[in-house]
Structure formats: C-alpha cells, structure tokens
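**Student:** Below is the structure, and that's it, no one-letter string:
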C-alpha cells in the first residue's frame, strides 16, 4: 500500500473515469488500473464497481477512499508543518466561502494576496454551507469563511468579525415609509429570503418560524440576485451590511436599519481540528483585517497571533 495508490483511488473517485483520472495524475491508464487492482488484491476487497458507467466506488470503497483523503491530508499537513517551521508560506491553499459572504470579501482578498503573497496559489470555491462543510470534513478544502456557529465536532471555528443585517425594502411596500424597522414585527408574507443565511438555527427573524406566505424562499444563489428579485417583485429582504456599498445608486435608498433586537451574524475562519498550517491561517486573518472595517473585527483577532 503506497501514497501513490491512495492518490490514484481518490482521483478515480473524483473523475469517476479511469482515463481522466490517469491523465490528472500524469500516468497511463494501464498503470493506474494496475496499481489500483494491486491495492484491491492486497486488501482483498473491491474498491470500485467497474460494471457501472460512470465507474463508482463500492460501499466499502467509499470508506476506504474517505480514509485515503484523510491520509493524504495528513501527509500534506506534515509538509506544511515543516514549511511553516522554516517560515515558508508558498504553495496552494484551498478555501471555501459562503455565497452570502463572498461578494464583498473575494475581490479585495484576491487583490491582497496578489500584492502581499504572490507565492501563494489561492484556490477559492464559493458554495452553499453544507457543501463546504463536507469538503472540509473530507480534507478537500484547507479552510473556509462561514457564518457560525456550525456545531460540528470535527471543525474548529475562529471568529473574525461580527456583521449586522439590514433590510432592503421595495418602495412599493408600506414598510418603506419607516426609517427603522422592528424585527419582532416584520411581516412574514412579504419577505424574500435565503433560508441558509438567515435561519440556520431557527433564526432571529419571525419568518424563520413561519411556513407558507405570499413570497418565496430563494434556496441558493447570491445576495445580488435576491435584491433584484425585490426590485422586480416588491416585498423586502434581509442583507448583510457589507453588501450595502455594492448597491447601485437609488438602491441605497431602500436600506432600513433593524432593531429589537439588532440582528447580526458571526463570521469565522473554519478549519479541521487537525489543521496545522498556523502561518497560513494568520495570513488569511491578516487579509481579512485589511478588507473588513476595523470596528467589525473582534479585538482578539486584531491584537493576537492565532495559535493552534
């Protein structure tokens, strides 16, 4: 059993195709197939069901591949630990980010890394939270920027900043006449919402406990699309305060502050508990400190180096 064989079964699982997996690994298909068959023979198991198209892992194979991903992750951790000890930070870093956080953060973060850390090859995946959590658990991502708490025993959350929510109200709505809105009295029937963003754990807002209504839940997508839905259909929505500067011209007039209580979310860097890239983690913290307004950043992130 070798590290290469672990890499090969992970590649086949990713592409569900032996030829494409071999190409990605830089070897011939016959070599890849032979080494996987050798691994199956050594373990006396069948890892892949080759009778299906595309090829897929067996039930036992799925668990073996999961363990292979963890093994490869731990191997990379050793390499990163040595690099960190030597003060090196170069290499590929894979980051996940929630769609409701990305619009304000990503453009400035890419600019920061290009200027300050050109030696880091930054790969960013914007997706829904469950998909990002799954990839963190499988060691397919190094870290993520998500709204927390997640209540996941495999992951470690490092809170970075706190962000308020505000309302975006159509001029067609009665609420538009108000200068500030009471959260406890928000109408449930006229709201457009992202369930994942506003109601992850029953939520602060009244509409989180209400089923039905005249409007709809926008299950996946962006804040920008949500705003456009309100512009076209009326009603109102809730958006993070960092999205307000991205609104165009007259859209700024549709913003209303919220109170009683003032709703907010905590945003954190999220890693696996066995993550060891302390230097990389602090580089990301520094990047966020350069992007997020200082009054939103938690004091402990401003003042202290993150220790794992």
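**Tutor:** Arrived safely. Predicted model only: the values in this text are computed from it and were never measured. Residues are numbered from 1 along each chain as shown.

**Student:** Just give me the longest helix of the chain.
**Tutor:** helix 59-85 (DSSP state H).

**Student:** distance between that helix and the chain's centre?
**Tutor:** Counting by CA atoms, centre = their mean, to the nearest Å, helix 59-85 is centred 20 Å from the centre of its parent chain.

**Student:** quick one: pLDDT of residue 127?
**Tutor:** pLDDT for residue 127: 89.

**Student:** so what are the domain limits for this protein?
**Tutor:** 3-81, 88-161+265-303, 163-264 (automatic domain parsing).

**Student:** how about the nearest residue to residue 301 once chain neighbours are set aside, what does it touch?
**Tutor:** Nearest non-adjacent residue to residue 301, counting by CB to CB, 6 or more residues apart in numbering: residue 160, 5.4 Å away. Every C-beta, even on glycine, is put in place using the N, C-alpha and C of the backbone. Taking CB atoms under 8 Å, 6 or more residues apart in numbering as the contact definition, residue 160 lies against 145, 267-269, 285, 288, 292, 297-298, 301.

**Student:** change it to 7 Å
**Tutor:** Contact analysis of residue 160 by CB atoms under 7 Å, 6 or more residues apart in numbering lists 267-269, 285, 288, 297-298, 301.

**Student:** Out of these, which sit inside helices?
**Tutor:** Among those, the residues falling in helices (DSSP H) are 285, 288, 301.

**Student:** As TSV, those with pLDDT, distance to residue 105 and neighbour count would be great.
**Tutor:** Output for the ones in helices among the contacts of residue 160, formatted as TSV (pLDDT from 0 to 100; distance: CB to CB, whole Å; neighbours: other CB atoms under 10 Å):
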residue	pLDDT	distance to residue 105	neighbour count
285	94	13	19
288	95	7	21
301	93	15	21
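
**Student:** Between those, which sits nearest residue 114?
**Tutor:** Nearest to residue 114 among the ones in helices among the contacts of residue 160: residue 288, at 15.7 Å, using CB to CB.

**Student:** which SSE is the residue lying closest to the closest one once chain neighbours are set aside in?
**Tutor:** Once flanking residues are discounted, residue 288 sits nearest to residue 160: 5.3 Å by CB to CB, 6+ apart. Assessed by DSSP states H and E, residue 160 sits inside strand 155-169.

**Student:** Tell me the first helix or strand C-terminal of that strand.
**Tutor:** strand 180-182.

**Student:** where does the nearest residue to residue 28 once chain neighbours are set aside land on pLDDT?
**Tutor:** Leaving aside its sequence neighbours, residue 28 sits nearest to residue 22 (CB to CB, 6+ apart; 6.0 Å). In the predicted model, residue 22 carries a pLDDT score of 91.

**Student:** The chain should start at 49 in everything you say after this.
**Tutor:** With the count now opening at 49, the last piece we talked about shows up as residue 70.

**Student:** which residues touch residue 70?
**Tutor:** Going by CB under 7 Å, 6+ apart, residue 70 touches 76-77, 80.

**Student:** Done for today, thanks.
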